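Student: Could you work out the structure for the sequence below:
(one chain, ligands or ions: 1)
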Amino acid sequence: MASVTSLSDSVHQRLAAALSAALPQAGSADPLLRRSDRADFQANGILALAKKEKANPRELATRVVAQVESGELLRDIEVSGPGFLNITVSDRAITENLSARYADDTGRLGVPPAEHPGTTVIDYAQPNVAKEMHVGHLRSAVIGDAVVQLLEFTGENVVRRHHIGDWGTQFGMLIQYLDEHPHELDHDSAEVSGEEAMSNLDRLYKASRKLFDSDEEFKTRARRRVVDLQAGDEKTLAMWQKFVDESKIYFFSVFEKLDMEIHDADIVGESGYNDMLAETCRLLEESGVAVRSEGALCVFFDDIKGPDGKPVPLIVQKSDGGYGYAATDLSAIRDRVFNLKADSLIYVVDARQSLHFKMVFETARKAGWLNDDVKAYQLAFGTVLGKDGKPFKTREGETVRLVDLLDEAIDRASAVVREKAQDLSEEEIAERGAQVGVGAVKYADLSTSANRDYKFDLDQMVSLNGDTSVYLQYAYARIQSILRKAGEVRPAAHPELELHAAERALGLHLDAFAETVTEAAREYAPHKMTAYLYQLASLYTTFYDKCPVIKPQPPQDIAENRLFLCDITARTLHRGMSLLGIRTPERL
Ligand code: ARG
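Tutor: Numbering: from 1, shown residues only. I've put the predicted structure just below:
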């Protein structure tokens, strides 16, 4: 028997259930149902089942066809080839399913919340104090934010952690330098904007780094400062706090420009784990996971060796007693697992830190902090490249400042908006320009799978044609304009109407939204959502070409049904884009 239809089942899922029920070994066999060009769907699972049962696949397929409970779902089902099934669903099934999604007053378009949500702690958007944010920080923020939205939409309990770099040797260096050159940061910080303060700090950072690398005595004094800082020396701490506060003002201004909500309470930087470091080391040493080697506390791994064949250890505590990046990350794992009760940890961090995370996770597993029920995953992202295919740099060879890049994207987008603008005021052009520009940067970042490098090409990003957010935003705005023009005629679903092929294709794709959300969330793969949305806009374009909505005016019921398809397409675009952190302006 086909399972009972609920709002959350797509046509695809209903069909899979009906087929499973018709298979003699119900439940144990996957019908392997896929969308197909020949019919709506093709089921390939009978071949494998026949092999297992030592049966003739075509005979088995014929039996399934005879047994399948068709109800109102199927229009046509036939055996083809060695034992495939080609299946066409009824127009009614498509329209009714969409109508149920449309009627979902939670605004979720019929996407069911997860039955057993877990707790995920996601580590993303983690810039460094006293340093400019660069394109790498953009990727972490953009990908992380999309994964947060996707997971939360499925009902997962998500805890955000912005593990900012606010601790360690560089602060000893910075504080010591400022102490010795008190006039280099001569400004009244209250009067300096986030951005300006940051470039002052950045300059200071570079100067202190230069001295640190060239002057052994300064190096020693700077190291002593780190010890003072970690021991909580008052004056040192006060100077440190100033760096942190000024940097945060700057971070927030960038996140705002990125149209991204970041909460102060979720910023728990490296310094937040200071009190746990000694205990982390003690636990690792006592359990034998870490051992002393030349004075340092190290964890060794069978499969991690340097070019010389010698094992490369993870250093948890240096021989001078200092703690580094690894000790902090191991302490953060303890906090996230035991205090925040996470069962999944995600780290949205540059692929170049993969070895670090491999060692940290393995250490945590050896210590029993991670296991089969509590897992950690680095959502590693690739490098942002310039048009020339080399890591993205300014013409002077410096890393590109994130703010400059966003400003340029907004400028370009504003030009595009202005060119097309018909009835927009200057103010509206500026607002839309920001939404289109920032959306374009985010979309480009999200639309290739995270682990791949991608080329930062603004011309391509703000192009109206092709796989860009601008294309999707225009599709959305165009639909809104159609809905406004429709005037008296209201969108309504008429399940008794026969559908055009373009309507069927659009409808079946719309119906697959829930599965896309689930898959993109489960796999931490926002690019699956961008691909879905791009295809949605393309199918919509074909539909709009083939099926007149307003002009020439079709009969009332057809017009209503088509407006309904327009409206649910717009709602799906809007929902999908907002899960990626991208705006869909009503007018463009
Ligand atoms: N602040 C680091 C950077 O800019 C990223 C931090 C990643 N998170 C972590 N838990 N280690 O590269």
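
Student: tell me which parts of the stretch 1-150 of the chain are close to the ligand?
Tutor: 123, 126, 128 (CB under 6 Å from any ligand atom). No exception for glycine: its C-beta is placed from N, CA and C like everyone else's.

Student: Check the chain too.
Tutor: 123, 126, 128, 163, 165, 329, 332, 347, 349.

Student: how many neighbours does residue 210 have?
Tutor: 12 (other CB atoms under 10 Å).

Student: and it, backbone torsions?
Tutor: Per-residue torsions, residue 210: phi -60, psi -50 (degrees, to the nearest 10).

Student: any idea how far it is from residue 554?
Tutor: 72 Å (CB to CB, to the nearest Å).

Student: then stretch 372-384 to PDB, C-alphas only?
Tutor: Output in PDB follows, covering the C-alpha atoms of stretch 372-384 (Å, rounded to 0.1, in the frame of the first residue of the first chain):
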ATOM      1  CA  ASP A 372      31.000   7.800  17.100                       C
ATOM      2  CA  ASP A 373      28.200   9.900  18.700                       C
ATOM      3  CA  VAL A 374      30.100  13.100  18.800                       C
ATOM      4  CA  LYS A 375      31.800  14.000  15.600                       C
ATOM      5  CA  ALA A 376      33.900  16.800  14.300                       C
ATOM      6  CA  TYR A 377      34.200  17.900  10.700                       C
ATOM      7  CA  GLN A 378      36.300  20.600   9.000                       C
ATOM      8  CA  LEU A 379      34.300  22.200   6.300                       C
ATOM      9  CA  ALA A 380      37.500  23.100   4.500                       C
ATOM     10  CA  PHE A 381      37.400  25.800   1.900                       C
ATOM     11  CA  GLY A 382      39.700  26.500  -1.000                       C
ATOM     12  CA  THR A 383      41.600  29.600  -1.900                       C
ATOM     13  CA  VAL A 384      40.100  32.600  -3.600                       C
END
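
Student: Next, the buried residues of that stretch.
Tutor: By 16 or more other CB atoms under 10 Å, the buried positions in stretch 372-384 come out as 374, 376, 378-384.

Student: in the protein, which spans are strands?
Tutor: Using DSSP state E, the strands of the chain run over 33-35, 41-43, 74-80, 84-89, 119-123, 157-161, 291-293, 296-299, 314-317, 344-350, 375-381, 384-385, 454-455.

Student: what's the angle from the fifth one to strand 157-161?
Tutor: Read that as strand 119-123. 20 degrees (axes from the mean of the first three to the mean of the last three CA atoms, to 10 degrees).

Student: do the third one as well
Tutor: Taking the same axes, to 10 degrees, one finds strand 74-80 and strand 157-161 inclined to each other by 80 degrees.

Student: Can you give the distance from strand 74-80 to the centre of its chain?
Tutor: How far strand 74-80 lies from its chain's middle: 39 Å, per CA atoms, centre = their mean, to the nearest Å.

Student: Return the mean pLDDT over stretch 345-354, rounded to an integer.
Tutor: Stretch 345-354 shows a mean pLDDT of 97.

Student: Can you show me the helices along the stretch 1-150 of the chain?
Tutor: Ranges of helices in the stretch 1-150 of the chain, per DSSP state H, counting those that start in this stretch, are 11-22, 45-53, 57-67, 91-103, 135-153.

Student: Just list the residues touching residue 531, thanks.
Tutor: Contact analysis of residue 531 by CB atoms under 8 Å, 6 or more residues apart in numbering lists residue 447.

Student: from now on call the first residue 784
Tutor: Understood, numbering begins at 784; the last thing we discussed is residue 1314.

Student: if I look at it, how far off is residue 1303?
Tutor: With CB to CB as the criterion, residue 1314 and residue 1303 are 9 Å apart.

Student: How about residue 854?
Tutor: 30 Å.

Student: quick one: which of the two has more around it?
Tutor: Legend: neighbour count by other CB under 10 Å for residue 854 and residue 1303, higher for residue 1303 (26 against 13).

Student: what sits against residue 867?
Tutor: Per CB under 8 Å, 6+ apart, neighbours of residue 867: 825-827, 829-830, 844.

Student: Where does the prediction get shaky in the stretch 884-1033 of the chain?
Tutor: Scanning the stretch 884-1033 of the chain for pLDDT under 70 picks out 969-975, 977.

Student: rewinding a little: what's the closest of the contacts of residue 867 to the ligand?
Tutor: Nearest to the ligand, judged by CB to the nearest ligand atom, of those is residue 827 at 42.6 Å.

Student: Thought residue 819 was touching the closest one, still the case?
Tutor: No. Look at residue 827 against residue 819 with CB atoms under 8 Å: they stay out of range, at 9.6 Å.

Student: So residue 871 versus residue 1277, what's the distance?
Tutor: 20 Å.

Student: ugh, typo on my part, it should be residue 1324
Tutor: Residue 1324 is 23 Å from residue 1277, by CB to CB.

Student: Please apply the same query to residue 923.
Tutor: 47 Å.

Student: With neighbour numbers in mind, choose between the two.
Tutor: residue 923 (24 against 15).

Student: how close does the more buried one sit to residue 1136?
Tutor: Residue 923 sits 11 Å away from residue 1136, going by CB to CB.

Student: give me the residue from the stretch 1234-1371 of the chain nearest the ligand.
Tutor: For the stretch 1234-1371 of the chain, CB to the nearest ligand atom, closest residue to the ligand: residue 1307, 15.6 Å.

Student: neighbours of the residue in the stretch 1134-1283 of the chain that the ligand sits nearest to, just the number please.
Tutor: Using CB to the nearest ligand atom, residue 1136 is the residue of the stretch 1134-1283 of the chain that sits closest to the ligand, at 6.7 Å. Using other CB under 10 Å, residue 1136 is surrounded by 15 other residues.

Student: Quickly note the distance from it to residue 1233.
Tutor: 14 Å.

Student: Please identify every residue contacting each of those two.
Tutor: residue 1163.

Student: quick one: low-confidence parts of the protein?
Tutor: 784-791, 807-811, 969-975, 977.

Student: so where do the helices sit in the stretch 984-1133 of the chain?
Tutor: So, for the stretch 984-1133 of the chain - with DSSP H, counting those that start in this stretch - the helices run 999-1014, 1017-1040, 1060-1069, 1108-1117.

Student: for those, which one ends up most surrounded?
Tutor: helix 1108-1117 (a mean of 23; mean count of other CB atoms under 10 Å).

Student: and that helix, how far out from the chain's middle?
Tutor: 24 Å.

Student: now do stretch 1358-1367
Tutor: Per CA atoms, centre = their mean, the centroid offset for stretch 1358-1367 relative to its chain is 11 Å.

Student: for that stretch, how far is the first residue from the last?
Tutor: Using CA to CA, to the nearest Å, one end of stretch 1358-1367 lies 9 Å from the other.

Student: Pull out the buried positions in it.
Tutor: Result for stretch 1358-1367 [16+ other CB under 10 Å]: buried residues 1358-1360, 1362-1367.

Student: Residues contacting that stretch, please?
Tutor: So stretch 1358-1367 is contacted by 890-892, 925, 928-929, 932-933, 936, 1042-1043, 1218, 1221-1222, 1225-1226, 1229, 1252, 1255-1256, 1259-1260, 1296, 1299-1300, 1309, 1312-1313, 1315-1316, 1319, 1356-1357 (CB under 8 Å, 6+ apart).

Student: Equivalent analysis for stretch 1128-1142, please.
Tutor: 903-909, 919, 922-923, 926-927, 930, 1082, 1084, 1087, 1097, 1108-1109, 1112, 1116, 1119-1120, 1153, 1157-1166, 1233-1234, 1307.
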